[in-house]
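**Student:** Sequence and predicted structure below; questions after.
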Amino acid sequence: MSEVSFQPGRPSDSLDVLRIYAIASRVVCAEPTSMETVTQSLANMASHLVPPESLAAVDCQDLWRVFARVASHPKPFLRQEASKALYRDLDSIGQRLHLAPLPPWSQLPQEFSRSDPEDTQVEGLSLDAVSEEARRLHQGLGAGESLGGEQVLGLLERLHDADMTQLLGFLQSSGRVNRGELSMLERARATGHKLSSEDEILIEVLERVGVWLVQHTS
């Protein structure tokens, strides 16, 4: 793995800060010799942040120093356990800050390279565009009907990652869904999950999200 396998760029929000540190630990697990480069990249990123992202980064840097000490051990198993411990601590910070859950540890990439947002071509639809599409679909339904789970999941899969993060934050702050349900949504979207009759809870959550999308205005 080359030294350029970890270039975090500029975080979009505090949740993105936590996610970057979690990914950084996965990078080090995959390539232990990258520790120095990754640590320096994190420090450079943190030095350019402003509140509230900079406040989250302070806590993350403290946790990273603990991780770095343990991860310097030559045994891969200990590095992986240290990465999982860091992930749990980062998720605890997210809970304290009332942020959406991090993606599952096993789904975090083992390399990461991203330019600053203004230099990156956006892939995916904005939240406003998806909400507009949700309203269009809803207009074709009968009175009292709401968007189905499959329709809503399809809309979420078309969302840009940053807008999905924003949506999860809106859903949690509005009380529409709890943290466990947010994780369920994130996992279904990330894995391309196909709904079945066994997904009653997920479908009910998606239908609630559909109502929010239809009602959302920028």
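**Tutor:** Happy to help now that I have it.
**Student:** If we go by neighbour counts, what in stretch 202-216 is buried?
**Tutor:** Neighbour-count burial for stretch 202-216 flags 202-203, 205-206, 208-210, 212-214, 216 (criterion: 16 or more other CB atoms under 10 Å). Every C-beta, even on glycine, is put in place using the N, C-alpha and C of the backbone.
**Student:** sorry, that was for stretch 46-61
**Tutor:** Result for stretch 46-61 [16+ other CB under 10 Å]: buried residues 46, 49, 53, 56-57, 59-60.
**Student:** Pull the contacting residues for residue 63.
**Tutor:** By CB atoms under 8 Å, 6 or more residues apart in numbering, the contact set of residue 63 is 21, 86, 89-90.
**Student:** on that earlier part again, turn the buried residues of stretch 202-216 into CSV, columns for secondary structure, distance to residue 35 and pLDDT.
**Tutor:** Formatted as CSV, the buried residues of stretch 202-216 follow (DSSP: H, G, I helix; E, B strand; the rest coil; distance: CB to CB, whole Å; pLDDT from 0 to 100):
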residue, secondary structure, distance to residue 35, pLDDT
202, helix, 39, 94
203, helix, 44, 95
205, helix, 39, 94
206, helix, 41, 95
208, helix, 43, 94
209, helix, 40, 95
210, helix, 44, 94
212, helix, 42, 94
213, helix, 42, 94
214, helix, 48, 93
216, coil, 43, 88
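**Student:** and of those, the nearest to residue 133?
**Tutor:** Among those, residue 213 lies closest to residue 133 (CB to CB), at 8.4 Å.
**Student:** so what's the closest one up against?
**Tutor:** 130-131, 134-135, 147, 152, 155.
**Student:** go on, residue 41?
**Tutor:** Here residue 41 is in contact with 6-8, 24 (CB under 8 Å, 6+ apart).
**Student:** so which strand or helix has it?
**Tutor:** Taking DSSP states H and E as the definition, residue 41 sits inside helix 35-47.
**Student:** Buried residues, that helix. List them.
**Tutor:** 35, 37-39, 41-42, 45-46.
**Student:** ditto for stretch 94-107
**Tutor:** Buried-residue list, stretch 94-107, by 16+ other CB under 10 Å: 94, 99-103, 105.
**Student:** ok, and what's touching it?
**Tutor:** For stretch 94-107, using CB under 8 Å, 6+ apart, the contacting residues are 14-15, 18-19, 22, 26, 52, 56, 83-84, 87, 90-91, 165, 168-169, 171-173, 179, 182-183, 186-187, 190-191.
**Student:** End to end on it, go ahead and measure it.
**Tutor:** 18 Å (CA to CA, to the nearest Å).
**Student:** you'd agree residue 108 is up against residue 22?
**Tutor:** Yes - if you go by CB atoms under 8 Å, residue 108 and residue 22 touch, sitting 5.7 Å apart.
**Student:** which one of these two has more residues nearby?
**Tutor:** Neighbour count, other CB atoms under 10 Å: between residue 108 and residue 22, residue 22 has more, with 22 against 19.
**Student:** and the lengthiest helix in the chain, how far out from the chain's middle?
**Tutor:** Of all the segments of type helix in the chain, defined by DSSP state H, the longest one is helix 76-96. The chain centroid and the centroid of helix 76-96 are separated by 15 Å under CA atoms, centre = their mean, to the nearest Å.
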